[in-house]
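Chemist: quick one: sequence plus predicted model below, questions after.
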Amino acid sequence: MTVRKRASKMTKAQKKRYRDAITQLIASGAYGQLVSHHANMMHNMHGSMGPTGRNRFLPWHRVYLLKMEQAMQAVEPLAFIPYRDWTTQRRIPPWLEDFMPTVNVPGQGNISVSRNIGWPPKLPSKAEIADVMDEETYWDFTTALEFQHNGVHVWVGGTMSLITTSPADPLFWLHHAQIDRLWSIWQQSNSGKNPSLSGSDCTMDPWSETEQDVHSINGLRYSYGS
C-alpha cells in the first residue's frame with residue numbers, strides 16, 4: 001500500500017527520491033511519453049472538452065497519477081507522488097523551487113519548465129474548497145473542483161498554464177494528487193455517485209482501466225496521509 005504524504009511532511013530522503021525518480025524517467029524518455037498523453041486532446045479528459053470530458057476529468061487523472069507513480073516506483077521502489085494542499089501551503093514547496101527540468105516530449109520537442117508564480121495572485125481558500133465538498137451530485141462536484149483546479153494551474157503559470165505542457169512541471173503531480181485526494185474524501189460521504197459515462201467513454205484511454213475500476217483508491221492500493 002502506497003501512502004501519498006503531504007509535501008510539507010516529507011523527509012529529506014523522500015524528497016530526494018521524488019526528484020531522482022523524475023530525473024531518471026526524463027532520461028529514459030518515459031516521462032516525456034506521459035506528458036504527451038496529456039497533450040493529446042483525443043483523450044477527452046477536461047471539462048473544456050464538453051460533458052464527456054467533464055465526467056472523465058477525475059477518473060482519467062486518477063489513472064494518470066497511477067501510471068506516473070508506477071513508473072516512478074519502477075526506478076525508485078519507495079517513491080510516491082506527494083500532494084500539496086494549497087489551502088494551507090500557499091507557496092511552492094521550497095524543495096521543488098529549483099526543480100525545473102527540460103523534458104523531451106514526443107511531438108513537441110524539448111520543453112524547459114518555466115513558472116510565473118502568482119498571476120493571478122490567488123489560490124483556492126479553505127472556504128472555497130469547503131463549498132466544493134458540500135456539492136451533492138458528481139456533476140456539480142467535479143464542475144466546482146475542476147474550476148478551482150484551473151486556478152492553481154494559472155497561479156503557477158508558465159509550463160503549468162497549458163494543457164499540452166503542464167505535466168512537464170514536477171509540481172503538476174502534487175497538484176493533481178491534491179485534486180484526487182479531495183475526490184477520495186468526497187466519495188466517502190457520497191457513495192455511489194459516479195461519472196455518467198457509457199460505451200468507450202468508460203475506458204480511460206490510452207490505458208485499459210475503466211471508470212468503474214477506479215471508484216475506490218483502497219482497491220488501487222494507495223491512500224493519502226494527513
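Modeler: It's in. The structure presented is a predicted model; accordingly, all values stated were derived computationally and were not measured.
Chemist: most centrally placed residue in the chain?
Modeler: H176 (2.2 Å; Cα atoms, centre = their mean).
Chemist: which element, helix or strand, includes it?
Modeler: Using DSSP states H and E, H176 sits in helix 171-188.
Chemist: how about that helix: buried residues?
Modeler: Buried positions in helix 171-188, judged by neighbour count with 16 or more other Cβ atoms under 10 Å: 171-184, 186-187. Backbone N, C-alpha and C define where each C-beta goes, glycine included.
Chemist: among these, which one lies nearest to L58?
Modeler: Sorting the buried residues of helix 171-188 by how near they are to L58, with Cβ to Cβ, puts W183 at the top with 5.1 Å.
Chemist: which parts of this protein are helices?
Modeler: Ranges of helices in the chain, per DSSP state H, are 12-28, 30-39, 51-75, 126-133, 138-156, 171-188.
Chemist: in a markdown table: these, plus mean pLDDT and distance to S196.
Modeler: A markdown table is the format used below for the helices of the chain (pLDDT from 0 to 100; distance: least, Cβ to Cβ, whole Å):
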| stretch | mean pLDDT | distance to S196 |
| --- | --- | --- |
| helix 12-28 | 98 | 34 |
| helix 30-39 | 98 | 23 |
| helix 51-75 | 98 | 6 |
| helix 126-133 | 98 | 19 |
| helix 138-156 | 97 | 7 |
| helix 171-188 | 98 | 15 |
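Chemist: the helix holding H176 to helix 30-39, inter-axis angle?
Modeler: Here the directions of helix 171-188 and helix 30-39 differ by 60 degrees (axes from the mean of the first three to the mean of the last three Cα atoms, to 10 degrees).
Chemist: residues in contact with helix 171-188?
Modeler: Identification of contacts with helix 171-188 by Cβ atoms under 8 Å, 6 or more residues apart in numbering yields 4, 7, 58, 61-62, 64-65, 68, 81-86, 92-93, 96, 115, 129, 132-133, 135, 141-142, 145, 149, 152-153, 156, 160, 166-167, 193, 215-217, 224.
Chemist: and with 6 Å instead?
Modeler: With Cβ atoms under 6 Å, 6 or more residues apart in numbering as the test, helix 171-188 has contacts from 4, 7, 58, 61-62, 65, 81-85, 133, 141, 149, 152, 156, 166, 217, 224.
Chemist: thinking again about what came up before, Throw the helices of the chain into CSV and include distance to I111, thanks.
Modeler: Formatted as CSV, the helices of the chain follow (distance: least, Cβ to Cβ, whole Å):
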stretch, distance to I111
helix 12-28, 10
helix 30-39, 7
helix 51-75, 16
helix 126-133, 30
helix 138-156, 15
helix 171-188, 12
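Chemist: and for the chain, the residue most distant from the center?
Modeler: Most remote from the centre of the chain, using Cα atoms, centre = their mean: G199, at 24.8 Å.
Chemist: residues near the closest residue to M204 other than its chain neighbours, how many?
Modeler: Closest residue to M204 apart from its sequence neighbours, by Cβ to Cβ, 6 or more residues apart in numbering: V63 at 4.4 Å. Using other Cβ atoms under 10 Å, V63 is surrounded by 23 other residues.
Chemist: appreciated, that's everything.
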